[in-house]
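S.K.: Quick one, structure for this:
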Amino acid sequence: MTYLAALPNARRVLEHSGSLQAGERVVIVTDYEKITLAEIVAGAARTITGEVNLLVMVPRELDGEEPPEAIGAAMRHADLVVSLVARSITHTSAVMGALETGARALMLTAFTEAMLLGGGIEYDFRAHRPFCRRVADLLAGANTARLTTPAGTDLRMDLTGRPGNAHAGYIDGPGQLTTVPNVEASTSPVEGTSRGTIVGDASIPYYDIGLLTEPVRMLVEDGRVTSISGGRQAEQIARQMAEQHDPNVYNIAQLSFGLNPLCRMQGVMLEDEGVYGTSHIGIGTSSLLGGTVKAKMHFDVIMWHPTLELDGEVVLRDGQWLIGADIVANAISG
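M.R.: Now for the predicted structure:
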């Protein structure tokens with residue numbers, strides 16, 4: 001990949017998704033695994049504003065691990081934070097602190113060269129933000145949810161009083177966070193209320209797991225994962241969770257739906273989670289999603305062809321939304 005080939009999309013992400021303007025302060029957080037891509041993004045930022053800081057850290061060992069305090073402090077003084085790292089820092093106190101002080105945050109976790117050149121990144125995020133917001137509002141307005149899939153997921157949860165989060169790939173105000181190219185609408189179930197079964201059959205794009213070669217089955221009681229079964233990948237995630245010695249890593253943290261028709265399932269977090277017609281359950285930290293739990297981990301289990309009932313009404317069937325047919329059609333064609 002050449003610098004000149006990647007520069008247009010790097011600038012587009014900053015302007016179109018991050019609403020970066022001249023004179024704003026940009027802090028780009030990266031690590032030694034993603035520094036080449038981060039330098040391209042920094043170069044694009046320099047064509048827009050003169051205040052660009054590229055901060056490099058040692059790669060985190062786990063998704064959800066805090067960055068160094070010095071980097072966290074710099075993030076709190078930014079207008080726009082860009083996280084271009086190998087392992088996610090999205091669900092950290094450092095990011096939450098930056099948002100609380102008014103920074104916008106653009107999360108580009110596990111970005112690849114191919115993602116910067118095309119695919120989901122070419123979606124018209126601004127034009128279709130209303131669709132993402134509408135799904136988020138549906139979640140916020142519901143008291144109960146039931147998620148089912150052909151693979152065997154059957155999960156019930158209480159959503160009473162929980163916000164709907166619209167991560168539309170576009171931010172334009174202080175304290176806002178989004179991911180790119182992932183577009184998703186989510187909420188966080190009330191702690192202790194989730195029960196049933198989760199069957200991941202698409203991807204767990206964390207901890208070097210990626211695309212699932214066989215289903216990962218999780219039983220859920222009182223809001224927590226109580227058992228995990230399947231093949232090698234199920235054993236891998238179960239071992240990773242047990243090694244944290246933290247009961248909160250089993251918390252059911254998130255109910256979410258991918259809404260970007262240009263994303264493709266490929267074992268990369270921000271592509272997989274945005275695939276239109278999929279759902280994922282987040283496990284572990286929920287404090288950035290409207291919940292109250294902080295854990296040593298946060299990861300998502302992605303599944304195909306979900307059906308969603310809210311307060312007993314089906315609003316999504318086999319991955320197809322039954323609300324706002326005009327908005328959905330425009331989003332897909334866009």
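
S.K.: how much space is there between the most far-flung residue of the chain relative to its centre and Q21?
M.R.: Centroid-distance maximum for the chain: G50 at 29.3 Å, with CA atoms, centre = their mean. Distance, G50 to Q21, using CB to CB, to the nearest Å: 12 Å. To be clear about C-beta, it is placed using only N, CA and C from the backbone, and glycine gets the same treatment.

S.K.: tell me the phi and psi of the residue farthest from the centre of the chain?
M.R.: With angles defined as degrees, to the nearest 10, G50 sits at phi -90, psi -10.

S.K.: Show the contacting residues for it.
M.R.: For G50, the contacting residues are A22, G23, by CB atoms under 8 Å, 6 or more residues apart in numbering.

S.K.: so what pLDDT did it get?
M.R.: We note a pLDDT of 93 for G50 in this prediction.

S.K.: Equivalent analysis for T285, please.
M.R.: For T285, pLDDT reads 94.

S.K.: As PDB, could you dump the C-alpha coordinates of stretch 29-45?
M.R.: Provided in PDB are the C-alpha atoms of stretch 29-45 (Å, rounded to 0.1, in the frame of the first residue of the first chain):
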ATOM      1  CA  VAL A  29      -3.200   6.900  19.800                       C
ATOM      2  CA  THR A  30      -1.400   3.900  18.200                       C
ATOM      3  CA  ASP A  31       1.100   1.100  19.000                       C
ATOM      4  CA  TYR A  32       4.000  -0.500  17.300                       C
ATOM      5  CA  GLU A  33       1.800  -2.900  15.400                       C
ATOM      6  CA  LYS A  34      -0.300  -0.200  13.700                       C
ATOM      7  CA  ILE A  35       2.200   2.700  13.500                       C
ATOM      8  CA  THR A  36       2.500   2.600   9.700                       C
ATOM      9  CA  LEU A  37      -1.200   3.200   9.200                       C
ATOM     10  CA  ALA A  38      -1.300   5.700  12.000                       C
ATOM     11  CA  GLU A  39       1.400   7.700  10.300                       C
ATOM     12  CA  ILE A  40      -0.800   7.900   7.200                       C
ATOM     13  CA  VAL A  41      -3.700   9.100   9.200                       C
ATOM     14  CA  ALA A  42      -1.500  11.600  10.900                       C
ATOM     15  CA  GLY A  43      -0.300  12.900   7.500                       C
ATOM     16  CA  ALA A  44      -4.000  13.300   6.400                       C
ATOM     17  CA  ALA A  45      -4.800  15.100   9.600                       C
END
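
S.K.: How about the contacts made by the closest residue to M269 other than its chain neighbours?
M.R.: Using CB to CB, 6 or more residues apart in numbering and skipping the chain neighbours, the partner closest in space to M269 is P205 (4.1 Å). By CB under 8 Å, 6+ apart, the contact set of P205 is A110, G267, V268, M269, D272, E273, D300, I302.

S.K.: wait, G97 sits on H77?
M.R.: No - contact criterion CB atoms under 8 Å: G97 and H77 do not qualify, at 10.7 Å.

S.K.: just the strands in the stretch 151-300 of the chain please.
M.R.: 154-158, 165-167, 177-179, 184-187, 195-200, 203-204, 210-211, 216-221, 224-229, 252-258, 278-284, 298-304 (DSSP state E, counting those that start in this stretch).

S.K.: Just tell me which of these ends up closest to T30.
M.R.: When these are compared by CB to CB, strand 177-179 sits nearest T30, at 16.0 Å.

S.K.: Show the average pLDDT along that closest one.
M.R.: 91.

S.K.: ok so, going back, turn the strands of the stretch 151-300 of the chain into JSON lines, columns for distance to G64 and mean neighbour count.
M.R.: What follows is the strands of the stretch 151-300 of the chain, written out as JSON lines (distance: least, CB to CB, whole Å; neighbours: other CB atoms under 10 Å):
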{"stretch": "strand 154-158", "distance to G64": "22", "mean neighbour count": "19"}
{"stretch": "strand 165-167", "distance to G64": "17", "mean neighbour count": "24"}
{"stretch": "strand 177-179", "distance to G64": "15", "mean neighbour count": "22"}
{"stretch": "strand 184-187", "distance to G64": "16", "mean neighbour count": "26"}
{"stretch": "strand 195-200", "distance to G64": "18", "mean neighbour count": "20"}
{"stretch": "strand 203-204", "distance to G64": "14", "mean neighbour count": "26"}
{"stretch": "strand 210-211", "distance to G64": "18", "mean neighbour count": "16"}
{"stretch": "strand 216-221", "distance to G64": "18", "mean neighbour count": "20"}
{"stretch": "strand 224-229", "distance to G64": "16", "mean neighbour count": "16"}
{"stretch": "strand 252-258", "distance to G64": "11", "mean neighbour count": "28"}
{"stretch": "strand 278-284", "distance to G64": "7", "mean neighbour count": "27"}
{"stretch": "strand 298-304", "distance to G64": "5", "mean neighbour count": "25"}
